[in-house]
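**Student:** Coordinates for the following, if possible.
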Amino acid sequence: PVNLSSGQCVQCLTDTRSEHRMAGKPDPYAGIDFDEINEATALEVDEIKCLKTCFDLFDSKKQDFLSADDLDEILRAMGFRPSKEELMDILAEIDEDGSGEIEFAEFCQLCAKFL
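**Tutor:** Predicted coordinates for the structure are as follows:
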């Protein structure tokens with residue numbers, strides 16, 4: 001399990017002036033279609049960048065997607081306690097491609113509901 005307090009993601013999302021730069025490392029935001037995510041969620045670029053940081057923390061296996069178990073852990077870190085049925089309903093709602101996996105854009109759509 002990821003050792004992440006809800007405060008870490010919340011702090012990132014509320015501190016819109018923070019920059020997440022890692023010297024000497026590849027651009028962590030490469031490949032993100034900010035315009036498409038903004039259109040679908042109304043999230044601003046800085047919020048999307050913060051969500052990418054949170055997504056990467058939860059994607060500890062570096063698979064570029066999150067599982068239902070990861071989703072449960074994320075919601076619990078945010079203070080929500082969904083039942084198995086509620087969790088499956090949330091997953092079905094946001095898993096647009098039916099893969100059973102939550103890709104970053106789907107993660108942004110989920111988080112936009114709570115912001």
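**Student:** Could I get the buried residue list for the longest helix that the chain contains?
**Tutor:** If you go by DSSP state H, the chain has its longest helix at helix 45-58. Neighbour counts over helix 45-58 (16 or more other C-beta atoms under 10 Å) mark 46, 47, 48, 49, 50, 51, 52, 53, 54, 55, 57, 58 as buried. The C-beta positions use only the backbone N, C-alpha and C, and glycine is treated the same way.
**Student:** Please apply the same query to stretch 56-72.
**Tutor:** Within stretch 56-72, the residues that count as buried by 16+ other C-beta under 10 Å are 57, 58, 59, 65, 66, 67, 68, 70, 71, 72.
**Student:** Kindly report the same for stretch 73-93.
**Tutor:** Here stretch 73-93 shows 73, 74, 75, 77, 87, 90, 91 as buried, counting by 16+ other C-beta under 10 Å.
**Student:** does the second one belong to a helix or a strand, and which?
**Tutor:** Following DSSP states H and E, the helix or strand that holds residue 74 is helix 68-77.
**Student:** Give me the helices and strands touching that helix, please.
**Tutor:** When contacts are defined as 3 or more C-beta pairs under 8 Å, 6 or more residues apart in numbering; DSSP states H and E, helix 68-77 packs onto helix 45-58, helix 84-94.
**Student:** Isn't residue 96 up against residue 106?
**Tutor:** Yes: judged on C-beta atoms under 8 Å, residue 96 makes contact with residue 106 at a distance of 6.1 Å.
**Student:** which of those two has more neighbours?
**Tutor:** Neighbour totals were compared for residue 96 and residue 106, and residue 106 leads with 21 against 12 (other C-beta atoms under 10 Å).
**Student:** For the host helix or strand of the more buried one, name the packing helices and strands.
**Tutor:** Element membership of residue 106 [criterion: DSSP H and E] is helix 104-114. Helix 104-114 sits against helix 34-41, helix 45-58, helix 84-94, with contacts defined as 3+ C-beta pairs under 8 Å, 6+ apart.
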